[in-house]
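Q: output the structure for:
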Amino acid sequence: MLESRSGQRVLTGVHFMLGNYAVAEGALAAGCNFFAGCPITPANEISERMAKRLPEVGGHFLQGEDELGSIYAVVGASLAGAKAMTATASAGFNYMQEGLGYAYAIEAPCVIVDVQRCRGENFATQSDVMQMRWGASGDYEAIVLAPASVQELFDYTIRAFNLAERFRNPVIVMSETTIALMRERLEIPPAEQIEVWNRKYTELPPADYLPFKAPEYGVPDFAPLGKGYHTIYSLNPHDERGRIDWDPDVFERLYKRITGKIRENRDLICHTESYHLDDAELALIAYGSEVRPALDAAEMARDSGMKVGVLKLATVWPVPERQILEVAKQCRAVIAVEMNIGKYAGEIERVCAGVCPVHKATRNRGLIHAPEELYQFIQGVWA
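A: Just a heads-up that it's a prediction; the model follows:
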């Protein structure tokens, strides 16, 4: 196991680290001080690492009796002022949806890591991508980040905490068996070079404070603990004071703000990276571990005289529509690459509709695409 330096939250230096450990170290660097989770492969090393490291830095670890108890423990810790996280795998993520829906409704910032696997087996897949957006009940907007390497598991976990704290929203890190159980080079910068965002607390006295009052698409301030503030956190429709209020206008106003705080800040949240797109006539759009063979295939295509680029979706939800549309306007065709039956490819088709055709290089066989496979697919589209 990676040696930790007792009491040190940020393990500055260069490491050769397991992806799941990188998640844990990213969480600690972001200020995480509470973790709850139930054992499940291939996410177990995250819990293992957090169980060892959190007590070293004054945090708390809870092994939940199941996934539902774990997500509710995380939400409770968040409301108590903690930066809280859980980790699970696809089957366990199913059980978390009720608690996740509650977190969206009461605007509890927290981080959920879903290490995707095929049903019951630790084979590669990206088949949870739609559940990450639509799994919970009610109206809400999800933020989902898609790392493609061990380094990004560390970096994106920090970003997940920052976005959760900034927008008072659950944030999901979409991990995968491929990168979670992979060892790669990881560089952890000094603590002072890591951007850490903390939630905003109200400066109003308890008599004037309304726990869910915010501008139309804004984020409410939290109440400091132990200072005489009292808040009801209810899944039910609630007014600005937190009181349950079944009134159509109150209900609509609440959910327009909860969804609007994400939609109206899409440009701050969505992040993509471009490779060889300056002169590209054909673009591969990929996320997560599928970015890796997509980049290799694009290089192979370029060596063969085909102007091919890659748009990497670091954020999959909200959909980075502006960036996808820019690529669609430039290229004569787009190839959607993913490890499922073509779920997110439908979102890419929606954005590109009427602008350029979308071809689907999709499959769900428990294996990441090989670069040669994508290169052959490119040849067929280019011809």
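
Q: need the contact list for residue 266.
A: Contact analysis of residue 266 by C-beta atoms under 8 Å, 6 or more residues apart in numbering lists 318, 320-322. Using the backbone N, CA and C atoms, a C-beta is placed for each residue, glycine as well.

Q: so which of those comes closest to residue 302?
A: Nearest to residue 302 out of these is residue 320 (C-beta to C-beta; 23.9 Å).

Q: now the closest one: closest residue in space, sequence neighbours ignored.
A: Excluding the flanking residues, the one nearest residue 320 by C-beta to C-beta, 6 or more residues apart in numbering is residue 270, at 3.9 Å.

Q: ok, that neighbour - how many residues close by?
A: Neighbour count of residue 270, defined by other C-beta atoms under 10 Å: 20.

Q: same thing with residue 326?
A: Residue 326 has 15 neighbours, counted by other C-beta under 10 Å.

Q: tell me the spacing between it and residue 283.
A: Per C-beta to C-beta, to the nearest Å, residue 326 is found 10 Å from residue 283.

Q: residue ranges with poor pLDDT in the chain?
A: 1-6 (pLDDT under 70).

Q: rerun that using 90 as the cut-off
A: 1-7, 119-122, 224-227, 245-246, 383 (pLDDT under 90).

Q: show me where it has its helices.
A: Using DSSP state H, the helices of the chain run over residues 19-29, 44-56, 67-79, 90-95, 97-106, 131-134, 150-167, 177-180, 248-263, 266-269, 291-303, 321-330, 343-352, 371-382.

Q: residue 140 is nearest to which of those?
A: The minimum distance between residue 140 and the helices of the chain falls on helix 97-106, with 3.7 Å, by C-beta to C-beta.

Q: phi, psi of the residue lying closest to residue 206 once chain neighbours are set aside?
A: In this structure, residue 206 finds its nearest non-sequential neighbour in residue 228, 4.5 Å apart by C-beta to C-beta, 6+ apart. For residue 228, the backbone dihedrals (degrees, to the nearest 10) come out as phi 90, psi 10.

Q: what is the neighbour count of residue 228?
A: 10.

Q: do the same with residue 317
A: Neighbour tally, residue 317, other C-beta under 10 Å: 25.

Q: now swap in residue 337 and tell me
A: 28.

Q: ditto for residue 133
A: If you count neighbours by other C-beta under 10 Å, residue 133 ends up with 21.

Q: what of residue 182?
A: Per other C-beta under 10 Å, the neighbour tally for residue 182 reads 17.

Q: need the contact list for the residue lying closest to it once chain neighbours are set aside.
A: Nearest residue to residue 182, sequence neighbours excluded (C-beta to C-beta, 6+ apart): residue 19, at 5.2 Å. The contact partners of residue 19, taken as C-beta under 8 Å, 6+ apart, are 150, 153, 175, 179-184.
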